[in-house]
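Chemist: I would like the atomic coordinates for the input below:
(one chain, ligands or ions: 2)
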Amino acid sequence: MLQRCIECGKTYKKEDIVYTCECGGLLEVVYDYEEIKEKISKETFKKREPGVWRYIEFLPIEDMSKIISLQEGNTPLYRCKNLEKELNVKELYVKNEGANPTGSFKDRGMTVGVSVANELNIKSVGCASTGNTSASLAAYSAKANMKCIVLLPEGKVALGKLAQAMFYGAKVIQIRGNFDDALEIVKKLADERLIYLLNSVNPFRLEGQKTIAFEICERLNYNVPDRVIVPVGNAGNISAIWKGFKEFYITGLIDELPKMTGIQAEGAKPIVEAFKKKKLEIEPYKNPETVATAIRIGNPVNAKKALKAIYDSNGYAEAVSDREIIEAQKLLARKEGIFVEPASASSIAGLKKLLEEGVIDRDERIVCITTGHGLKDPDIAIRESEEPIKVEADLEKIKSLLMEG
Ligand SMILES: Cc1ncc(COP(=O)(O)O)c(C=O)c1O
Ligand SMILES: N[C@@H](CCOP(=O)(O)O)C(=O)O
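Modeler: Ligands and ions are numbered 1, 2, ... in the order given. This next block holds a predicted model:
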């Protein structure tokens, strides 16, 4: 297992503790896939406990005693019959990552990233965050007995996420700036070796996130979906999920690949713009803005990997408005009983829009990834709901309210 630059191919060992190549390129983790092929089959996984570590041959840990786990992964893949009817599509699934231990997909990445840090005997970890990364890192570093520092954009982190980072005991620093500013600072701290960086520029963290693809394949009995729709912010997750599908493909476990479809918010859509211009380079947004604070990111660090995933898979990228996001969030809650945070609902909003535009065929087998739990952002949910009715504790009054319907 090595880290390899996606630009120049230079390789690095885990112990080198680098996050990008000396040429500036992003790194990805590569394995001896012929060796893995010899060792595993579909039956191998079936015999093991569910969750991220079920796929150990595809993960970058040598010393199993160093694994830090909160039993992440094994999230539900719901068949959404009510939404199928509503949107007039044949086969629709939602993979609900809000069911992870701290309520988002980041836990899949952190179990691996923090375990690597533990193998390397790291004592201090850190990240920049729009909320979920910090909540997750704070939890896993607490379990690993490591110091944790998180940098957040002041006033732009949903309440539940802030509460998590504070309560798990991280040193929480709010900056007067946005997520992109915070990331620049933590990268410098990492270059000076003051912290081990656990944002998605760390390729080991993304290895955990690719298990979303593995679980989808297993749950669908290795019938690969035609399309996977993913909310995009810093762009690590869509890249990781694509890598997961490719790895199952090259080791002979599946014989088809899905079209990766990335959804951004209108006010933070540099990847969508690059895609529409058929480019591999983005033009960063200086002042990204959206109600979906988790994806309020103007300069996604994994943009190149994400665009490559979209092009190589013959996928698509689209942006949705804040109103479309909120309406999709409500639709999912009210038709399927799944409560997700706004950023997560962008996958559903994107599906609706791309069906209307004729980009997505109504006969496709589609998986939407919902990335974080609805309770993370109670302010938005309350603001967007009808006020509760207030009356005296009187049976007759309640009965008359019941009659109103
Ligand atoms: C809930 C949620 N959805 C989507 C995203 C976007 O994921 P990525 O940054 O991997 O593109 C994030 C964080 O970035 C998130 O917290
Ligand atoms: N939404 C993210 C933004 C940071 O993304 P990362 O995947 O690079 O850590 C968050 O929750 O902070």
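
Chemist: Can you pull the residues of this structure lying near ligand 1?
Modeler: 104, 130, 132, 200, 231-237, 294-295, 341, 343-344, 371-372 (CB under 6 Å from any ligand atom). Backbone N, C-alpha and C define where each C-beta goes, glycine included.

Chemist: Return the subset of these lying in helices.
Modeler: 132, 236-237, 343-344 (DSSP state H).

Chemist: before we move on, the earlier item: filter the residues of the chain next to ligand 1 down to the ones near ligand 2?
Modeler: Among these, ligand 2 is touched by 130, 132, 200, 233-234, 236, 294 when using CB under 6 Å from any ligand atom.

Chemist: which one among those residues gets closest to E38?
Modeler: G236 (29.8 Å; CB to CB).

Chemist: and the closest residue to that closest one other than its chain neighbours, what is it in contact with?
Modeler: Spatial nearest neighbour of G236, excluding adjacent residues (CB to CB, 6 or more residues apart in numbering): S200 at 2.8 Å. Counting by CB atoms under 8 Å, 6 or more residues apart in numbering, S200 touches 109, 133, 206, 209, 234-237, 240, 301-302.

Chemist: The protein: strands as residue ranges?
Modeler: Along the chain, the stretches classed as strands by DSSP state E are 2-5, 11-12, 27-30, 77-79, 91-96, 124-128, 147-153, 171-175, 196-197, 227-231, 259-265, 316-320, 365-370.

Chemist: I'd like those strands laid out as TSV, including mean pLDDT and mean neighbour count.
Modeler: Listed next are these as TSV, based on pLDDT from 0 to 100; neighbours: other CB atoms under 10 Å:
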stretch	mean pLDDT	mean neighbour count
strand 2-5	98	18
strand 11-12	98	15
strand 27-30	98	19
strand 77-79	98	15
strand 91-96	99	23
strand 124-128	98	26
strand 147-153	98	22
strand 171-175	98	15
strand 196-197	98	24
strand 227-231	99	29
strand 259-265	99	28
strand 316-320	99	24
strand 365-370	99	27
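
Chemist: will you turn the ones you listed into JSON lines that also has distance to I271?
Modeler: Output for the strands of the chain, formatted as JSON lines (distance: least, CB to CB, whole Å):
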{"stretch": "strand 2-5", "distance to I271": "21"}
{"stretch": "strand 11-12", "distance to I271": "26"}
{"stretch": "strand 27-30", "distance to I271": "18"}
{"stretch": "strand 77-79", "distance to I271": "25"}
{"stretch": "strand 91-96", "distance to I271": "21"}
{"stretch": "strand 124-128", "distance to I271": "18"}
{"stretch": "strand 147-153", "distance to I271": "20"}
{"stretch": "strand 171-175", "distance to I271": "24"}
{"stretch": "strand 196-197", "distance to I271": "22"}
{"stretch": "strand 227-231", "distance to I271": "11"}
{"stretch": "strand 259-265", "distance to I271": "6"}
{"stretch": "strand 316-320", "distance to I271": "6"}
{"stretch": "strand 365-370", "distance to I271": "16"}
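
Chemist: re the thing from before, between the ones in helices among the residues of the chain next to ligand 1, which is closest to L26?
Modeler: G236 (9.8 Å).

Chemist: and the closest residue to N314 other than its chain neighbours, bridged to which residues?
Modeler: What sits nearest to N314 in space, not counting adjacent residues and going by CB to CB, 6+ apart, is K259, at 5.4 Å. K259 has these beta-bridge partners by DSSP bridges: R227.

Chemist: Is it possible to mark the buried ones in the ones in helices among the residues of the chain next to ligand 1?
Modeler: Using 16 or more other CB atoms under 10 Å as the burial test, these include 132, 236-237, 343-344 as buried.

Chemist: Which two of those residues have the greatest separation?
Modeler: G236 and S344 (15.4 Å).

Chemist: For the stretch 1-150 of the chain, which segments are assigned as helices?
Modeler: 33-39, 42-46, 81-87, 106-119, 132-144 (DSSP state H, counting those that start in this stretch).

Chemist: do the same with the stretch 301-405 of the chain
Modeler: Going by DSSP H, counting those that start in this stretch, the stretch 301-405 of the chain shows helices at 303-312, 322-336, 342-356, 378-383, 395-404.

Chemist: ok, so of the ones next to ligand 2 among the residues of the chain next to ligand 1, who is nearest I282?
Modeler: Of those, the one sitting nearest to I282 (CB to CB) turns out to be N234, at 11.9 Å.

Chemist: Let me see the contact set for G208.
Modeler: Contacts of G208 by CB under 8 Å, 6+ apart are 52, 59, 72, 108-113, 240.

Chemist: And H373, by the same measure?
Modeler: Contacts for H373 (CB under 8 Å, 6+ apart) come out as 98-99, 103-104, 160, 339-341.

Chemist: repeat for V157
Modeler: 129-131, 134, 174, 293.

Chemist: mind running it again at 6 Å?
Modeler: G131 (CB atoms under 6 Å, 6 or more residues apart in numbering).

Chemist: Likewise for the one 4 residues further on?
Modeler: Shown here is K161, whose contacts under the criterion CB under 6 Å, 6+ apart are 131-132, 135, 376.

Chemist: Now which of those residues would you call buried?
Modeler: 131-132, 135, 376.

Chemist: out of these, who's nearest K81?
Modeler: Once CB to CB is applied, the member of these that ends up nearest K81 is K376, at 26.4 Å.

Chemist: out of the contacts of S200, who has the most neighbours?
Modeler: G109 (31 neighbours; other CB atoms under 10 Å).
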